[in-house]
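[1] Sequence first, then the predicted structure, then my questions.
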Amino acid sequence: MTFPPAQSYIETVAPLKRQFKMHDAFTLAFVYISPIVALYAVFGLIVQAAGPAGWWVFPIGLCLQLLIALSLGVMVSRWPLQGGSYQWARRLIGDNYGWITGWFYIWTLIFVFASNGYAIASFIPAALGIEAFTTSTQIYIALGIVCLATILNLLGPGTLKLLGKLSLGAEIIGSLGLATVLLIWHRKHDLDILFTTAGAGGDNYILGGLLVALGFVGFGLAGFESVCSMAEEVEQPEKNIPKAIIGALLAIGVIVSYCALALILATPDFGAIVSGAIVDPAASTIQAAFGEGIARVFFILVIIGFAASMMMAQTSVSRVIWAFSRDRILPGSHFLSKLSSKHCTPDRAVIVVGALAVIVTLLAFSERVYATLISSATATFFITMGFAVLGLLFRLMVKKWQSGSFSLASMTVPVVFGAASWIVFEIANSAWPREVAGQSWYVSWAVFIGISLVGLSGAAVWLSIRKNLKGSKALSESADHLLPDEANG
């Protein structure tokens, strides 16, 4: 990939263009999570971990994730600024706190971007009706997909909006339509199957099966917050973004629970899934029910859904990087803070994200590449949300909080406390190194290793820019013309 010529960039003195309306914000939040992505990204992992009874983690996970969405809605309503959690955390607690929050969020989205590229590569054989790729071939194809997504993102917001609309159509056909057909004509089990484990989880089902599955569903229903990082590009973000993220999460959660129910009731052999004989239970069930021809069309829709989610992840993280660079708190900030003159978007940050995703994909090379990337993204997502939500909880407890236009009134403290508790649980659950027979030690410890590397690299970068943090305050708050004066906290 090559950088566009320098003259195609402008300094970031002028405000960003508000190129997204309320329905665009909802669509972007919706396609980032995407019912197809949310379900098929984690369905196999959940069933392998918890058996058919793993279905219950979908409605449970939705309720718990909703606590986070409500908490974030409260924060973005008061501080609707580019960079999302980074901007909230620095105003809640301080500059250093905000910086480390944003740093973990940057890597969360890079992990998601890379994992979606790998997932798309895994669906290509099913869409084309060819033999499954070897792990090494899949890695190389994933790298090509990362580069292609980066090129598409450089074409501007119009491409993202178009892919979002295509993804919405794919969701209706590929999720609701297929699930309904499965439920009516291809059921293999009654509802009592939802109370059986099929041997999953080993001797300790709660710790070894159900909690693992709950950790995966936390990833599947994450991403609703991504549009918060683009707040300065959305019309009336203090009102529209809370509605968009909460509405998108509820819609996705209901659709995913419905589709997961249909898949579980139509799955012929759970024993083969739990034992590992069937690696992709969603694909296996769909092919058994519909045949190769219809299944290929479905997998094309799946690829569209993953592609839209992938591009949204890259768009979102590029905005966080740009927000850091506007405040001069990243190496190369002067270079990264310039916007393209054509689209007024941070294209240089988009390219950097693509390059970092290539590195992450190569470093995640193992016998469990996808699970490793997902687990790492889950842990760093909850760490990021933890910084923001715990900061909000602190301000609420010391009674130094004033809500924006979106408020939970007397329910604010209980909701935020519940969100904080769920986040702490998920961080421990995701990072916990569970031993699996025949699995290399570094795969079991991959999430802990990944978090440590993100933290250590963050410390190194922070040391190089810490002198700029205090000076960045005036730059960051130059965007606060969007807010009442009190919003500077």
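    That came in fine, so what should we check first? In this text, all values refer to a predicted model and were calculated from it rather than measured experimentally.
[2] tell me the mean pLDDT over the longest helix anywhere in the chain?
    Ranked by residue count, the top helix of the chain under DSSP state H comes out as helix 281-326. Average pLDDT, helix 281-326: 86.
[3] Tell me which helix or strand comes right after that helix.
    Where DSSP states H and E defines the elements, the next helix or strand beyond helix 281-326 is helix 333-336.
[4] Please name every helix or strand in contact with the following helix or strand past that next one.
    Downstream of helix 333-336, the next assigned helix or strand under DSSP H and E is strand 339-340. Contact partners of strand 339-340 among helices and strands, from 3 or more Cβ pairs under 8 Å, 6 or more residues apart in numbering; DSSP states H and E: strand 9-10. No exception for glycine: its C-beta is placed from N, CA and C like everyone else's.
[5] Any buried residues in the very next helix or strand once past the strand it packs on, and which?
    Next in sequence after strand 9-10, counting helices and strands by DSSP H and E, comes helix 22-33. Across helix 22-33, burial judged by 16 or more other Cβ atoms under 10 Å covers 22, 24, 25, 26, 27, 28, 29, 30, 31, 32, 33.
[6] And stretch 406-415, by the same measure?
    By neighbour count on 16+ other Cβ under 10 Å, the buried set for stretch 406-415 is 406, 412, 415.
[7] And the last one, how close does it get to residue 169?
    Here the distance between residue 415 and residue 169 works out to 34 Å (Cβ to Cβ, to the nearest Å).
[8] Can you get me a residue count around residue 214?
    24 (other Cβ atoms under 10 Å).
[9] same thing with residue 331?
    Neighbours around residue 331, by other Cβ under 10 Å: 10.
[10] repeat for residue 137
    By other Cβ under 10 Å, neighbour count at residue 137 equals 12.
[11] And residue 173, by the same measure?
    Counted with other Cβ under 10 Å, residues neighbouring residue 173 total 13.
[12] Surely it is within a helix?
    Yes - Residue 173: assigned to a helix according to DSSP: H, G, I helix; E, B strand; the rest coil.
[13] Excluding sequence neighbours, find me the nearest residue to it.
    Distance criterion Cβ to Cβ, 6 or more residues apart in numbering; nearest residue to residue 173, sequence neighbours excluded, is residue 301 at 6.0 Å.
[14] Now stretch 376-393: average pLDDT?
    Mean pLDDT, stretch 376-393: 89.
[15] list the buried ones in that stretch?
    376-393.
[16] And stretch 452-469, by the same measure?
    Result for stretch 452-469 [16+ other Cβ under 10 Å]: buried residues 454, 455, 458, 461, 465, 468, 469.
[17] Pipe these into JSON lines and attach distance to residue 338 per row.
    Below are those laid out as JSON lines (distance: Cβ to Cβ, whole Å):
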{"residue": "454", "distance to residue 338": "26"}
{"residue": "455", "distance to residue 338": "29"}
{"residue": "458", "distance to residue 338": "24"}
{"residue": "461", "distance to residue 338": "20"}
{"residue": "465", "distance to residue 338": "18"}
{"residue": "468", "distance to residue 338": "17"}
{"residue": "469", "distance to residue 338": "21"}
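[18] thinking again about what came up before, looking at the buried residues of stretch 376-393, which are in helices?
    Residues from those lying in helices, with DSSP H as the criterion: 376-393.
[19] which residue sits closest to residue 118 in space, ignoring its chain neighbours?
    In space, residue 118 is closest to residue 142, 4.3 Å off (Cβ to Cβ, 6+ apart).
[20] which parts of the helix or strand containing residue 99 are buried?
    Using DSSP H and E, residue 99 falls within helix 95-128. Neighbour-count burial for helix 95-128, counted by 16+ other Cβ under 10 Å, picks out 95, 97-127.
[21] which stretches of the stretch 51-200 of the chain form strands?
    Here the stretch 51-200 of the chain has no strands by DSSP state E, counting those that start in this stretch.
[22] Which parts of it are helices?
    Taking DSSP state H, counting those that start in this stretch as the test, the helices found in the stretch 51-200 of the chain are 57-78, 85-92, 95-128, 135-153, 157-171, 178-185.
[23] okay, those helices in JSON lines with mean pLDDT and distance to residue 220 next?
    Formatted as JSON lines, those follow (pLDDT from 0 to 100; distance: least, Cβ to Cβ, whole Å):
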{"stretch": "helix 57-78", "mean pLDDT": "95", "distance to residue 220": "7"}
{"stretch": "helix 85-92", "mean pLDDT": "93", "distance to residue 220": "20"}
{"stretch": "helix 95-128", "mean pLDDT": "90", "distance to residue 220": "11"}
{"stretch": "helix 135-153", "mean pLDDT": "91", "distance to residue 220": "19"}
{"stretch": "helix 157-171", "mean pLDDT": "77", "distance to residue 220": "14"}
{"stretch": "helix 178-185", "mean pLDDT": "90", "distance to residue 220": "16"}
